[in-house]
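Enquirer: Provide a 3D model corresponding to the input given below.
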Amino acid sequence: MNENWKITKGDKPLIATAIHSGHKVRSEVENIFAISPKSRFREEDPFTEILTDISDNSIIISTSRFEFDLNRNREKAVYLQPKDAWNLKIYKKTPPPIIKENSLKLYDAFYQNLRKYLDEQKIKFGKFVVFDIHSYNHQRKGENAAFDDPQKNPEIIVGTSNMKTSAWKKRITNRILNDFPHADFFGQKLDTRLNVKFTGGNFARWIHQNYPNSACVLSIEFKKIFMNEWSGKLNENIFAKLHQILQTVANATLQALEK
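Expert: Modelled structure (predicted):
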């Protein structure tokens, strides 16, 4: 296992990933950070690594997106300026080129490993689905501020804009868009929408470009209703319910794929 990521190989043609769940950074990076660990944590996707246990095939990234972001293309993968990362000051001063180079070596190594892994999945299964699991903030104005407009911030967003094959949308995407909002969420229904705010990033795009006829990547964004995004405290009951619902959706997706 690489210390920056963990790839688990299983027997199901469903791969669950958490590429923004990591928080650790190399010491040479941390030493010149201006951003605090707490601020980094708020913009990462904590606890999403737990959700990957919906399948025995999974990818978990332990390194913070603030060192290298696998969901951005290589040129933008290392945040250098506030405009790159929610107007946050990342570094005390412009990092020397060697630090960026070292981070990009890890970025490249991951995608090299990913290619080898997905080649194996293609040979083994022919077709496979990827749940690219993320979470997003909805209290941007401050810890004591009102939550962002729920009309523009659904509980679940399913991003599919990188998908190449229309057959996937009919077979898999429609099933997911039906199952999430029909799940029982403490007597309510989950507001689930397609390609609102987030449509899928570089990770999904890379997989679809390299495995256009084999891979179906669904970028699933959970609004952080399961935690306090400012304190970082997890609401275990809500998280457990979302976990259960995601497992049900995963099982239904596997059934649809088998058909």
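Enquirer: Next one, pLDDT for the residue nearest to Leu242 when sequence neighbours are not counted please.
Expert: Once flanking residues are discounted, Leu242 sits nearest to Phe226: 5.7 Å by CB to CB, 6 or more residues apart in numbering. To be clear about C-beta, it is placed using only N, CA and C from the backbone, and glycine gets the same treatment. Predicted confidence (pLDDT) at Phe226: the value is 98.
Enquirer: Thr173 now?
Expert: In the prediction, the pLDDT value recorded for Thr173 is 89.
Enquirer: That one: what's it in contact with?
Expert: Residues in contact with Thr173, defined by CB atoms under 8 Å, 6 or more residues apart in numbering, are Val158, Thr160, Met163, Leu194, Cys216, Leu218.
Enquirer: burial measure for the second one, as a count.
Expert: Burial of Thr160 is recorded as 21 neighbouring residues (other CB atoms under 10 Å).
Enquirer: hang on, the earlier thing: thought the residue nearest to Leu242 was touching Pro46?
Expert: No - when contacts are counted by CB atoms under 8 Å, Phe226 is not listed as touching Pro46 (9.9 Å).
Enquirer: Between those two, which contacts overlap?
Expert: With CB under 8 Å, 6+ apart applied, the overlap between the contact sets of Phe226 and Pro46 consists of Ser135, Leu234.
Enquirer: I'd like the distance between the residue nearest to Ala215 when sequence neighbours are not counted and Gly126.
Expert: In space, Ala215 comes closest to Ile207 once its chain neighbours are excluded; the distance is 4.9 Å by CB to CB, 6+ apart. Here Ile207 is placed at a distance of 15 Å from Gly126 (CB to CB, to the nearest Å).
Enquirer: With adjacent residues omitted, what lies nearest to Leu234?
Expert: Take Leu234 and drop its neighbours on the chain: the residue closest to it by CB to CB, 6+ apart is Met227, 4.9 Å away.
Enquirer: doesn't Leu242 make contact with the one you found?
Expert: No - look at Met227 against Leu242 with CB under 8 Å: they stay out of range, at 10.6 Å.
Enquirer: Looking at those two, which is more packed in?
Expert: Neighbour tally, Met227 and Leu242, criterion other CB under 10 Å: the higher count belongs to Leu242, 23 against 18.
Enquirer: what helix or strand is that one on?
Expert: When secondary structure is defined using DSSP states H and E, the element that contains Leu242 is helix 236-258.
Enquirer: What of Asn102?
Expert: helix 97-125.
Enquirer: So which other helices or strands are in contact with the next helix or strand after that helix?
Expert: Moving toward the C-terminus from helix 97-125, the next helix or strand (DSSP H and E) is strand 128-136. Strand 128-136 is packed against strand 14-18, helix 48-51, helix 202-210, strand 215-223, helix 236-258, with contacts defined by 3 or more CB pairs under 8 Å, 6 or more residues apart in numbering; DSSP states H and E.
Enquirer: now the stretch 1-150 of the chain, which segments are flagged as low pLDDT?
Expert: In the predicted model, the stretch 1-150 of the chain carries pLDDT under 70 at residues 1.
Enquirer: who's more crowded, Ile207 and Gly126?
Expert: Taking neighbours as other CB under 10 Å, Ile207 and Gly126 compare with Ile207 leading, 24 against 10.
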